[in-house]
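S.K.: Build me a model from this:
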Amino acid sequence: MIPGGGQPNMQQLLQQAQKMQQDLAQAQEELAATEVDGQAGGGLVKATVNGSGELRSLVIDPKAVDPEDTETLADLVVAAVQAANENAQQLQQEKLGPLAQGLGGGGGLPGLPF
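M.R.: Below you'll find the model as predicted:
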């Protein structure tokens, strides 16, 4: 029940929306600052992305470098970057998921990407 004859308190709704927006911005900043790793080939290739999925570093063990077989190295690089991005997406769900639910999740508010 909403006190006051069924009319929502617009000031309170605006304050809640502003807090959610601030929480979302803070979570996005934390994601951008957090680094997540992924690897392939038993650790021969390691990729590091930030929580937003931006590639930050790539480390290739010299044992993975065979001038006669650059295709395998390319596959290892792709696999390591994909693994790091999957870990970043999982981190995004952990950080942003609760905020999306707070906004009604899955179409609660038109125009929002969750």
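S.K.: any idea how far the closest residue in space to Val65 that isn't next to it in sequence lies from Asn50?
M.R.: Distance criterion Cβ to Cβ, 6 or more residues apart in numbering; nearest residue to Val65, sequence neighbours excluded, is Leu73 at 6.3 Å. (Each C-beta comes from the backbone N, C-alpha and C, glycine too.) Leu73 sits 24 Å away from Asn50 when distances are taken as Cβ to Cβ, to the nearest Å.
S.K.: before we move on, the earlier item: what about the residue nearest to Val65, helix or strand, and which?
M.R.: With elements delineated by DSSP states H and E, Leu73 resides in helix 70-102, which encompasses its position.
S.K.: Quick check: Val36 touching Ala84?
M.R.: Yes: at 5.7 Å, Val36 counts as touching Ala84 under the criterion of Cβ atoms under 8 Å.
S.K.: and those two? which has more neighbours close in?
M.R.: Taking Val36 and Ala84 together and counting by other Cβ atoms under 10 Å, Ala84 has the greater number of neighbours (26 against 23).
S.K.: tell me the contacts of that one?
M.R.: For Ala84, the contacting residues are Val36, Asp37, Gly38, Ala47, Thr48, Val49, Leu55, taking Cβ atoms under 8 Å, 6 or more residues apart in numbering as the criterion.
S.K.: Just say helix, strand or coil for the first one.
M.R.: If I follow you right, that is Val36. Under the three-state scheme (DSSP: H, G, I helix; E, B strand; the rest coil), Val36 adopts strand.
S.K.: Ser57: which element?
M.R.: Per DSSP H and E, Ser57 falls inside strand 55-60.
S.K.: Can I get that strand as CSV, trimmed to CA atoms?
M.R.: Extracted in CSV, the C-alpha atoms of strand 55-60 (Å, rounded to 0.1, in the frame of the first residue of the first chain):
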residue,chain,number,x,y,z
LEU,A,55,42.2,-6.3,-23.5
ARG,A,56,44.9,-5.0,-21.2
SER,A,57,47.8,-7.4,-21.7
LEU,A,58,48.8,-10.6,-23.5
VAL,A,59,51.7,-12.9,-22.4
ILE,A,60,53.0,-15.6,-24.7
